[in-house]
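K.L.:
Got a sequence here, can you model it:
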Amino acid sequence: MELAARRVNWLDRRQVVLARNIANADTPNYRPHDLLPFARHLAAALPPDMARTAPTHLAPRGGNRGAAPEDRLVAEAVPDGNAVSLDREAVRMAETDTAHALAMAVHRSFMGMFRLALGRQG
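P.N.:
Predicted coordinates:
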């Protein structure tokens with residue numbers, strides 16, 4: 001439940017950052033911002049891989065666990081120095097909205113299971 005709440009919180013903060021980018025689409029020399037991918041926050045919260053103390057031990061599972069690809073660089077800016085692409089920001093907003101809806105559906109499902117386990121209806 002805590003992980004789902006952290007994901008929803010991250011998605012809410014990202015919507016604010018993306019909305020600020022769109023609001024500053026006409027501001028000279030404005031550079032768009034974004035949050036670090038949630039996968040990086042998740043990877044930082046997971047315990048480290050087990051150390052391999054002998055060559056006969058199993059190899060650790062995957063090296064770059066949860067690492068996201070490097071953040072996209074701003075490709076172009078208009079003559080006034082603004083680098084906000086409304087198309088790119090709209091796609092990011094749509095992705096974030098879809099992820100938020102999924103996270104909320106998962107949360108509602110878990111809450112329904114808890115209510116069912118407690119013998120409560122509705």
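K.L.:
Which neighbouring elements make contact with the helix or strand of the chain with the lowest mean pLDDT?
P.N.:
Counting by mean pLDDT, DSSP states H and E, the weakest-scoring helix or strand in the chain turns out to be helix 38-45, with a mean of 75. With contacts defined as 3 or more Cβ pairs under 8 Å, 6 or more residues apart in numbering; DSSP states H and E, the packing partners of helix 38-45 are helix 2-23. The way it works is simple: take the backbone N, C-alpha and C, and place the C-beta from them, glycine included.
K.L.:
Not counting sequence-adjacent ones, nearest residue to the most centrally placed residue in the chain?
P.N.:
Per Cα atoms, centre = their mean, the C-alpha nearest to the average position across the chain is that of Phe38, at 3.3 Å. Using Cβ to Cβ, 6 or more residues apart in numbering and skipping residues adjacent in sequence, the residue nearest Phe38 is Trp10, 5.0 Å away.
K.L.:
now swap in Met104 and tell me
P.N.:
In space, and not counting its chain neighbours, Met104 is closest to Val8: 6.8 Å by Cβ to Cβ, 6+ apart.
K.L.:
try Met93
P.N.:
Met93 sits nearest to Leu18 (Cβ to Cβ, 6+ apart), 5.1 Å away.
K.L.:
Quick one: residues contacting that neighbour.
P.N.:
If you count contacts by Cβ atoms under 8 Å, 6 or more residues apart in numbering, Leu18 has them with Asp34, Glu89, Arg92, Met93, Thr96.
K.L.:
Just the buried residues of those.
P.N.:
Glu89, Arg92, Met93, Thr96 (16 or more other Cβ atoms under 10 Å).
K.L.:
Spatially, what comes nearest to the last one if we skip its sequence neighbours?
P.N.:
By the measure of Cβ to Cβ, 6+ apart, the closest residue to Thr96 outside its immediate chain neighbours is Arg14, 5.2 Å from it.
K.L.:
what residues are up against that neighbour?
P.N.:
Asp34, Leu35, Arg92, Thr96.
K.L.:
how close does it get to Met111?
P.N.:
Remark: distance between Arg14 and Met111 (Cβ to Cβ, to the nearest Å) = 23 Å.
K.L.:
Using the three-state scheme, assign Asp34.
P.N.:
Secondary structure for Asp34, judged by DSSP: H, G, I helix; E, B strand; the rest coil, is coil.
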